[in-house]
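Asker: quick one: sequence and predicted model below, then my questions.
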Amino acid sequence: MTAPSKPQTDVESAPTAVAPPPSWRRKATPYLLIAPALIYLAAFFAYPMVQGLILAVYDDEALLPLIAEPDITSAQTGKIPQGTAITILARQGNLLTEELSSDLLIEVWFQVEVAQADGSAVTGWTPESRVRIREESAEGDPLAGTIRTKLSSTADPLTDIYSEPNERSDVLAQVEPRSAARIVQTAELEVWFQVRAEDGTEGWTPSRFVQVFGDEETGRVDRGTAGEFTTRFIEKMREDRFFGSAWRTTLLLMALILPLQFILAIIMALVIHARLKFSSLFLYVFSVPMGMSDLAVGILFFSIFTGNGLLNSVLDGLGIIDSPQAFLTAESRNWIIFAIVLAEIWRATSIVMVIVVSGLQAIPDETLEAAELFGATYWQKVRHIMLPLLKPSLQVALILRTILAFQVFAVVIALGGGDVVTVLANETFRQYFALRNTNVASAYAVFILLLSIGSAVFYLRAVRTQAEMAAS
Amino acid sequence: MAIQNPPPPAWDSPEVSAQHEKMRAKGARGRIGTYVLAIGIALWIILPIFFLFSMAFTTQETVRSYPKNILPLVPFSTDTMQFFLQSDGVAEGLVNSIIVAVITLVLSTVIAAPAGYALSRFFFRGRDLFRLSILAVRAFPIVVLSIPLAVLFLRAGLFDSIFSLALMHTALALPTTILVVASVFASVPYELEEAGQVFGASPLRAFRYIVLPLVAPGIAASSVFTFVLSWNEVFAASVLTLENRTLPALVLTQLSQSSDAYQFAGGFFLMVPSLIFMFFIRKYLFNMWGQVSK
Amino acid sequence: MSEIRIEHVSKSFNGQYAVQDANLTIADGEFLVLLGPSGCGKTTLLRTVAGLGMADSGRISIDGRDVTYLKPGERKISMVFQSYAIFPHMTVRDNIGFGLKMNNVPASEIQANVAEAAELLHIENLLDRRPSDMSGGQRQRVAVARALAMKAEVLLMDEPLSNLDALLRLEMRAELKRLLADVNATTIYVTHDQIEALSMGDRIAVMKDGEIQQVDGPSTVYDHPSNQFVGSFIGNPPMNFLTGTVSAANGSVSVAVGPDQITPAAALAPALKAFDQKPVTIGIRAESMEALSSPVPGAIKVSVVVVEPLGPQNLLTVGLGDQRLKVSTHPSFPVAAGDDLWLQFPSDQIRWIDPKTEQVLS
């Protein structure tokens, strides 16, 4: 048989038809797919995280550099720390390059065209205070005025006209009071101070960094422009009156909650794993708290423990108490802690349960049946087969729960107001929100982070060394 | 001499049946114990919710009264809930919460879906590192992230905006969403996609007509979970917003100066999404949290 | 004495019978194979004996003791699981000793039993290793050792060889047979592999759709299947089934197959008479027919469709009208596709089957 002539054309078209995509495209595909997530996490996770670390240990307003002349380009004479008391030696206006607020002292200078005594006109600069405005445009811009009279008898009655909006520039002319002046343009100047610090450092600085006292001759450095690493915020955190109470309470809550929570979670998981009828319904009920905020759960338990709440009503109904007990007041700190423990167990056990159930599902049925067949009782099956095989799941759950336990926040506020019983997350919030102290808040945040990482590493090592010991 | 044993009773004789009944009852008792335990735990979870529900749907007088009627929902009234919903800022907070949650849902799903697909379908250099860092990111404390983000948003002029809050919530939800999407994709064998391509569908069409219908429920479940996560989030919302509060942030700041009626109704209202949504996504919970230990 | 007696045991899942009215007595020390296609209920039946799934009704007794609803651990049995079910977090030693430990056997005795079982299975060198870094064959050995260490008089095996590759399976089959002959436990062995069943079992119970079809020794099950299903399930190739029409006239009975006639054995003639002028199914094994290249009286003419050389024999597919038969011939027998062939049906090798009930006539 001879082949028909048709395949000839197929051979020609074949290479294009089966050509694989260029290999770089195949290789790049997964990276292109994960790129958005990577970029997003870098921008909104990694970067702020680094910033947070920096905020805790770096004060970017710590030092104020002083310069030799009232001119940004001049040489630096030294740096003085924020808060240093200073004496103001001289002042001068400098052209304002950008709009800035806070503590900024401004002078306004006019460029004027003034008629001199000899009839000739001179154009130059003079401070706003030397001109009485007579005429304004519709927008309120000054157009024309007259030179003011100097009131002080000792002063030179003439007004200097400068070549530039700067008292250090050349004096072009001296004009008589009440001379007519046409205002050519207006300039805003920032006042610069020549200051001397306590330690004798002298130099110029813009007014915006200086807080001037009432006498106008002394002041202090309000904030600096140069940063410096500092432990000041960490020390401030450690000296904070709530710090000790906050971390002790956080750890206490953790020690009370976690063991109970894990026992309950394992029991719940075993119940789900027993494949009862309505198992799916039980799973729904058991996992509902997982989707609830700690705030809502805090309120839930507040409604139980509050003065006229459920607990008191039930106790009253049973005749155990005559009048409502105050569980959630400053005098009943232990009750508040008890309520927080219950609320956290109620709320966060579900997630542990879900992890444990997944772990149980990964154990083959036959493995458990083999244990039964070889005579293990239910408890022996749990003890010798299930728990050892659940170890990785429990480890993950433990790490997750510990890290979440460092963040207990709204429950504490809802049940205790956040003063009598306070925790680390609450103090972070207080520092940031009430005290407006971002750096100290960051120090708290970093402290929580270190505790989280520390506990995760601890759990990982503890389990690993156990495995290693067993293996050897 | 062998002693002849009496022949055993027939298999269907009454005495054998009776003995079997006894043995089965013994086995059933353990089962009943498990049911009692299950119902007990269910009650521990349901009863507080039901009490708060009854406080949210009664008169404000009943909320203030003491001792409270042990029989709840007497009298039934929407008074408390109406009072809460009509309080200052609640309507705006609700709208804000929903906007933030929806943006978070959309943004995190759109960004996570390709990454999850890549994780489940490609072996590429750095895959394990990517996976591991995502696991690590998920475990990071919200508290730690909120403060610097607030500072950055403040510097960028994005402070007190629900959009910046949505950006933050997306960063929080993204790792979980990626892992869930990856596990959902992994549950659809790649052979199915290949089979689709063998039968002439382009890769995109194979994805659209074969994979998408199979993964849609799982991805929907993870989106719902993202919604709930954003809806519940208190700390970042309180730090990042001031005037434009979401509902939980609003309720939190009002706690010290609001009535019980406001708190109870607000607390219950915040629980509603969980009560509804967990029902639909309960089977996917293991997808979301199960694979963390692998 | 460890006789297992299964009486009228039924079990259903969601209203569907998995096992229906099973009756079986396994004598002390006997090796019984439960054989059937997947989903036939053989594993379910085994699990009711193990106590891993309780029977709905009926009675199971071991050594005269009613164990129907006892927990598995109380039945004094031992088992090898299909997936081996080795505990992954324990060493091989702990795995083998697990059952003894659970039964509070003293440590010294556990050690002795473990050592003995490990020696039987040649895994002494694995005792301190963990299952995670062991091969399938090694795990299999551990699973068997664990079952034997219990020294239970009843041993249950649920498709223990199905997860091994073909070569290893062959090897383990022979070894298991040797071992089980030594330990002399009453054994129920579940498999879907008919060759395993034929080669290992003292008796084979064939199951289909939850019902036991036949319980007999391997050769009986092979040569004298009780019904069409057993014939078709056992043997490779399976038994051939042809349709013929009976004609009984003046005392002699013959069966027409196409244009040819077959004369049944005299003993079966009376039974076949009842089928006069009705169809009957003829069952015959491929190796029971004699193939001839030229016509002989009483031989049936067929034409060869496919010839498959298998080594020790050739397997022919032949056509008889629109019916197909498998015939095995010696490799030296000259034949090619398209040839005509004459088959002789030895009357003592033919099984006559009622097409309605599918039961073999006797």
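Answerer: Thanks, I have the structure now. Residues are numbered from 1 along each chain as shown, chains lettered A, B, ... in the order given.
Asker: contacts, neighbours, all on C-alpha from now
Answerer: Will do.
Asker: and chain A, which of its residues are near chain C?
Answerer: Residues of chain A lying near chain C by CA under 8 Å from any CA of the partner chain: A:364, A:366-367, A:369-377, A:380, A:385, A:388-389.
Asker: at which residues are the strands of the stretch 101-250 of chain A located?
Answerer: Secondary structure of the stretch 101-250 of chain A (DSSP state E, counting those that start in this stretch): strands at A:106-115, A:121-127, A:131-136, A:142-147, A:159-162, A:171-175, A:180-197, A:202-206, A:210-212, A:218-221, A:226-229.
Asker: quick one: the ones you listed as CSV, columns for mean neighbour count, mean pLDDT and distance to chain B too.
Answerer: Formatted as CSV, the strands of the stretch 101-250 of chain A follow (neighbours: other CA atoms under 10 Å in any protein chain shown; pLDDT from 0 to 100; distance: least, CA to the nearest CA, whole Å):
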stretch, mean neighbour count, mean pLDDT, distance to chain B
strand A:106-115, 21, 85, 25
strand A:121-127, 21, 87, 35
strand A:131-136, 17, 85, 36
strand A:142-147, 20, 85, 34
strand A:159-162, 22, 86, 40
strand A:171-175, 17, 85, 43
strand A:180-197, 21, 84, 24
strand A:202-206, 24, 86, 22
strand A:210-212, 23, 83, 22
strand A:218-221, 20, 86, 23
strand A:226-229, 14, 84, 17
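Asker: what about the residues of chain A next to chain C, which are in helices?
Answerer: The helices, defined by DSSP state H, take in A:E366, A:T367, A:E369, A:A370, A:A371, A:E372, A:L373, A:Q380, A:P388, A:L389 from those.
Asker: just those residues now: which is nearest B:P9?
Answerer: A:L373 (27.6 Å; CA to CA).
Asker: that closest one and C:M79 touch, don't they?
Answerer: Yes - judged on CA atoms under 8 Å, A:L373 makes contact with C:M79 at a distance of 7.4 Å.
Asker: pull up the overlap in contacts between these two.
Answerer: Shared contacts of A:L373 and C:M79, defined by CA atoms under 8 Å, 6 or more residues apart in numbering or on different chains, comprise C:A50.
Asker: give me the most central residue, chain B.
Answerer: Chain B has B:F225 as the residue nearest its centroid, 4.8 Å off, counting by CA atoms, centre = their mean.
Asker: if I look at the residue located most distally from the centre of chain C, what pLDDT would I see?
Answerer: When distances to the mean C-alpha position of chain C are computed (CA atoms, centre = their mean), the maximum falls on C:N250, with 42.4 Å. Per-residue confidence (pLDDT) for C:N250: 74.
Asker: let me see the ranges of the helices in the stretch 151-294 of chain B.
Answerer: B:162-186, B:190-198, B:203-206, B:212-232, B:235-240, B:247-254, B:260-281, B:285-290 (DSSP state H, counting those that start in this stretch).
Asker: now those in CSV, with distance to chain C and mean pLDDT?
Answerer: CSV is the format used below for those (distance: least, CA to the nearest CA, whole Å; pLDDT from 0 to 100):
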stretch, distance to chain C, mean pLDDT
helix B:162-186, 24, 89
helix B:190-198, 24, 79
helix B:203-206, 34, 78
helix B:212-232, 28, 88
helix B:235-240, 42, 89
helix B:247-254, 46, 91
helix B:260-281, 26, 90
helix B:285-290, 20, 67
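Asker: could you dump these into JSON lines with distance to chain A added?
Answerer: Shown next, in JSON lines, are the helices of the stretch 151-294 of chain B (distance: least, CA to the nearest CA, whole Å):
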{"stretch": "helix B:162-186", "distance to chain A": "6"}
{"stretch": "helix B:190-198", "distance to chain A": "13"}
{"stretch": "helix B:203-206", "distance to chain A": "12"}
{"stretch": "helix B:212-232", "distance to chain A": "5"}
{"stretch": "helix B:235-240", "distance to chain A": "7"}
{"stretch": "helix B:247-254", "distance to chain A": "7"}
{"stretch": "helix B:260-281", "distance to chain A": "4"}
{"stretch": "helix B:285-290", "distance to chain A": "5"}
